[in-house]
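Engineer: just need the structure, nothing else, for what follows:
(2 chains)
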There are 2 protein chains.
Amino acid sequence: MCEQFNQQLKGFKEELQKLEYLNSALGVLYWDMRVGIPRKSVPYRGQVLGYLSGEIYKIQTSDKMKNYIEYFNNENELDDITKSMVENAQKIYNQTKKIPEDKYKEYAILTSNAEAVWEEAKDKSDYNLFKPYLKKIIEFQKEFIGYWGYKDNKYDTLLDFYEPGITTQKLDKLFSELRDAIVSLLDKIKKSKVKISEEIFARGFTKQDQESFSKYILKKMGYDFDAGRVDESVHPFTINFENKDVRITTHYYENEFRSALFSCIHEGGHAIYEQDIPESLKGTMLGNGVSMGVHESQSRFYENIIGRSKEFWAFFFPEAKRRFNQFKDVEFNEFYKGINAVRPSLIRTEADELTYSLHVIIRYEIEKALFNDEITVDDLPQVWKDKYKEYLGIEPKNDADGVLQDMHWSGGSFGYFPSYALGNLYGAQFLNKMLKDVPDLYEKIKHGNLDDIHQWLNENIHKYGAVYKPADLIIRATGEELNAKYFIEYLNNKYSDIYDI
Amino acid sequence: MCEQFNQQLKGFKEELQKLEYLNSALGVLYWDMRVGIPRKSVPYRGQVLGYLSGEIYKIQTSDKMKNYIEYFNNENELDDITKSMVENAQKIYNQTKKIPEDKYKEYAILTSNAEAVWEEAKDKSDYNLFKPYLKKIIEFQKEFIGYWGYKDNKYDTLLDFYEPGITTQKLDKLFSELRDAIVSLLDKIKKSKVKISEEIFARGFTKQDQESFSKYILKKMGYDFDAGRVDESVHPFTINFENKDVRITTHYYENEFRSALFSCIHEGGHAIYEQDIPESLKGTMLGNGVSMGVHESQSRFYENIIGRSKEFWAFFFPEAKRRFNQFKDVEFNEFYKGINAVRPSLIRTEADELTYSLHVIIRYEIEKALFNDEITVDDLPQVWKDKYKEYLGIEPKNDADGVLQDMHWSGGSFGYFPSYALGNLYGAQFLNKMLKDVPDLYEKIKHGNLDDIHQWLNENIHKYGAVYKPADLIIRATGEELNAKYFIEYLNNKYSDIYDI
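Structural biologist: Prediction:
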């Protein structure tokens, strides 16, 4: 019995190891395509990526894999890691295998065409071009939910792919509290007499100087440059080929000092998570961040909660002044308020810390309504406008700045958006516990010592990789379920101070 | 019949296409490992490369592949491309499949260990450390030759892996003529009164300036920067992921102007060959240079025959003077002679254009003697010294500068070295024909116009990829078999002028 078990486990792990190697290779090819590929070779690279993805798919959906999953499902008393390995493999297996093959192929072709159509539609700011594709993608997804099954709400099945365990019921509560709190706070800020100038960040900063400063901060955060590197790409991202090769990219703007700086701190948060994953999880397919939401909690924690805090800049602003003559005449408060200016805007990716969650909540409400047949794709542009008007007080003049701005839907990634705002909630809840565990945390930050943060996150989040589900993880880390109050408290405190309200 | 043929061809090509995709992926992973990988991730990358190489091996040696090869071997009247595809696949299949599996595995472990031992032996300059490994590798190779079979000379079987169709009989003639001519020329040069100063190249050149100049020349050569890029690595190399992504690396030395410059021209020659391979050869495994020797003919042609010619620098030296203040007081002849200085040295990779071939011929003579049981590994250091003394007039004081200097033997790459000198012979023979086809070639070069060279090479060499064997190719291109007279003539003319002899 025991010998059979060990042999099955060995075989199962061999399959997972192959997947890890292929994913690592795929990662390098993808990174290179974003960072350095010669222009003419992009189409061929697409073919190579397609071939390797196909090989991954074959392993994930093989009869061999099915047999392993069945075998372990009949075994009791699996340890946490093996249990997660099996759950993971099963989830991926079901995700495709439950759908009839011809449907799946049809859908794959549809989404691959839809991306190009979305791009064109966005360029021309014409939602009608994209609408028929969006309609079909949603119809497919609804049909797929039929195959996958669902409990209370169809949309839950989609949410679960990105944030295992999260449900519409939970999100409704979390997001409505958060939405109301932000809208109310935003209202007060609009009436505030405090005016924040952001001109100081447009004073022409060379790429070299920005790069050097960002790398200096990344080092202080604990990003390991012997297990990663920083490159340039159009949009910043983090990618891991294994825990000892986790790369960051950024984009430098000479007349926007904050862009590369905060994108590096953000991606650094993602990267440190991946670099901290223990060796022991190699070959289990659990050696990476557990979910999109928890990943965003790490990046947003570093970017906003730490990286836009008074205490952080108490140490780093003098250093910035030493490095940048442009800040010679700038006072601390001008800088601090400048990096925390609230400005309701139409584009999610350009939003400030406060209003960002509203962009996400709007998308959540829309997706939920679509999958519960409360609205149709025909209603989308108007619903979008109405919600922006209601929550942010502004509305897009065209589709490009409205319903067409994100590429997610063209790839069928419904259920993905909520992760971004969940990251904010997780982060503030972590902060609360961290301050209990390390009472002099802010004192340390003031002296440029970020090691306790890194250590706490490693001990409570990073070291578990994807072994525990997010809902488990947060209870292990903070002793309570995810809730919105810590983030709301944090926002209220921070912006009352900045805007004198 | 015809339908069956087409179906077989389709299936065969599908297998070859998979190999191309995997090779392309492997190439990117390898390039990244040499150019940018974080230090700590090198071991894991080795594992990923190992896994992908294993997948390639499986496809190359599958029963499926065997059946295709057998099918097409029974078909008459294959077109040139299909015929080459089958021959190629068969060669690779036989190379491993004819050897008993346990032998092959044992050998793979041996060579993988031998590389580390060779490195240590070279560091310690102690041949005795490496000797037992070298002995075993040669024993294995001799046994393998038994499985592979041979005609006239055992060593021919090895030569054929790197330069299909070349034999000991042919090389004996080519190389003895070449050796005698170079030794005699070198003798005269040693007695010449012309003294060449090389101090001007050590005048401190920034990396940025060198890079910009090298890229300028690469552009003039016709290297397509939209289908390639130039990076830095410890040793320069060229690598192709497909014909539209062919990358070069170089290494900049502030106090050796010639190093990066000529390595870029050299690698540029390799790269242009690969960039010119036609689209139509995609998916045939023939879409790359045909052999090591022909590849070296392209790189050495650009590096030496063109890149160290008077006519080339008639155009580029004024440009170099414009870019580099260090050459302000330098006259054309000083520069031209400086880049063509002859200095017999112990290390192959540092050799000048004239003596380089002698280094190669020595290795050829030694390998041939080893595989014909005329010498043993015990004799190697002494044989090495004697030959260096006899041909170059100098001898190594230690093993590191002698028999241990190249890594080739530790990986079992016997038969590889001759390609380097064959490249010189091919190149001069191409030049001779090129001058007949384009009589005003040198006039054009003098005006910085290198397009006719590129076009001739493309028309006569590049566009065929690996469809024709080197021996065929040279007859197609020049109308005669490979011979040494053109290169010898070229050397005599060039150095008589430079050294006034």
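Engineer: give me the mean pLDDT for the helix or strand hosting A:L134.
Structural biologist: Element membership for A:L134, per DSSP states H and E: helix A:127-148. Average pLDDT, helix A:127-148: 97.
Engineer: who are the packing partners of the following helix or strand past it?
Structural biologist: Once the chain leaves helix A:127-148, the next helix or strand it forms, by DSSP H and E, is helix A:154-162. Contact partners of helix A:154-162 among helices and strands, from 3 or more CB pairs under 8 Å, 6 or more residues apart in numbering or on different chains; DSSP states H and E: helix A:127-148, helix A:168-191, helix A:356-371, helix A:418-437. No exception for glycine: its C-beta is placed from N, CA and C like everyone else's.
Engineer: could I have helix A:154-162 exported to CSV, CA atoms only?
Structural biologist: Provided in CSV are the C-alpha atoms of helix A:154-162 (Å, rounded to 0.1, in the frame of the first residue of the first chain):
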residue,chain,number,x,y,z
LYS,A,154,-22.9,31.5,-12.0
TYR,A,155,-20.3,34.2,-11.6
ASP,A,156,-18.8,32.4,-8.6
THR,A,157,-17.4,29.8,-10.9
LEU,A,158,-15.4,32.4,-12.8
LEU,A,159,-14.3,34.2,-9.6
ASP,A,160,-12.9,30.9,-8.3
PHE,A,161,-10.4,30.6,-11.1
TYR,A,162,-8.6,33.7,-10.0
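Engineer: still on that earlier bit, quick one, the helix holding A:L134 and helix A:154-162 angle?
Structural biologist: 90 degrees (axes from the mean of the first three to the mean of the last three CA atoms, to 10 degrees).
Engineer: what residues does helix A:127-148 touch?
Structural biologist: A:94-95, A:98-100, A:103, A:106-107, A:110-111, A:113-114, A:117-118, A:120-122, A:154, A:157-158, A:370-371, A:376-378, A:380-381, A:399, A:403-404, A:409-410, A:412, A:414 (CB atoms under 8 Å, 6 or more residues apart in numbering or on different chains).
Engineer: that older thread, the helices and strands packed on helix A:154-162: which one's closest to B:D80?
Structural biologist: B:D80 lies closest to helix A:127-148 among the helices and strands packed on helix A:154-162, at 45.5 Å (CB to CB).
Engineer: could you tell me the end-to-end distance of stretch A:27-45?
Structural biologist: 12 Å (CA to CA, to the nearest Å).
Engineer: what's the neighbour count on A:T168?
Structural biologist: When neighbours are counted by other CB atoms under 10 Å in any protein chain shown, A:T168 registers 21.
Engineer: in space, what's closest to it - neighbours in sequence excluded?
Structural biologist: Once flanking residues are discounted, A:T168 sits nearest to A:N153: 4.3 Å by CB to CB, 6 or more residues apart in numbering or on different chains.
Engineer: contact partners for that neighbour?
Structural biologist: By CB under 8 Å, 6+ apart, the contact list for A:N153 reads A:167-169, A:368, A:371-372.
Engineer: for chain A, what lies in contact range of chain B?
Structural biologist: A:18, A:21-22, A:24-25, A:28-29, A:32, A:36-41, A:44-45, A:47-48, A:51-52, A:55, A:224-229, A:241-242, A:244-245 (CB under 8 Å from any CB of the partner chain).
Engineer: among those residues, the buried ones, what's the ChimeraX command?
Structural biologist: Buried subset of the residues of chain A next to chain B, written as a ChimeraX selection, criterion 16 or more other CB atoms under 10 Å in any protein chain shown:
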select /A:18,21,22,24,25,28,29,32,36,37,38,40,41,44,45,48,51,52,55,224,227,228,229,241,242,244,245
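Engineer: so of the residues of chain A next to chain B, which ones are in helices?
Structural biologist: Among the residues of chain A next to chain B, the residues falling in helices (DSSP state H) are A:18, A:21-22, A:24-25, A:28-29, A:32, A:44-45, A:47-48, A:51-52, A:55.
Engineer: kindly provide the distance from the residue lying closest to A:G27 once chain neighbours are set aside to A:I81.
Structural biologist: In space, and not counting its chain neighbours, A:G27 is closest to A:F241: 4.5 Å by CB to CB, 6+ apart. Applying CB to CB, to the nearest Å, the value for A:F241 to A:I81 is 22 Å.
Engineer: again, but for A:S233
Structural biologist: 34 Å.
Engineer: go on, A:F257?
Structural biologist: If you measure A:F257 against A:I81 using CB to CB, the figure is 44 Å.
Engineer: so between those two, which is more surrounded?
Structural biologist: Legend: neighbour count by other CB under 10 Å for A:F257 and A:I81, higher for A:F257 (27 against 16).
Engineer: filter the contacts of helix A:127-148 to the buried ones?
Structural biologist: By neighbour count, with 16+ other CB under 10 Å, the contacts of helix A:127-148 hold A:95, A:99, A:107, A:110-111, A:114, A:117-118, A:121-122, A:154, A:157-158, A:370-371, A:377, A:380-381, A:399, A:403-404, A:409-410, A:412, A:414 as buried.
Engineer: quick one: which of these sit in helices?
Structural biologist: A:95, A:107, A:110-111, A:114, A:117-118, A:121-122, A:154, A:157-158, A:370-371, A:380-381.
Engineer: for the residue in the stretch 1-150 of chain A positioned nearest to chain B, what are its contacts?
Structural biologist: Nearest residue of the stretch 1-150 of chain A to chain B: A:S41, at 3.6 Å (CB to the nearest CB). Applying CB under 8 Å, 6+ apart, we find A:S41 in contact with B:227, B:241-242, B:244-245.
Engineer: pipe those residues into CSV and attach distance to B:D63 and pLDDT per row.
Structural biologist: Compiled in CSV, the contacts of A:S41 are given as follows (distance: CB to CB, whole Å; pLDDT from 0 to 100):
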residue, distance to B:D63, pLDDT
B:A227, 37, 98
B:F241, 29, 97
B:E242, 28, 97
B:K244, 34, 97
B:D245, 33, 98
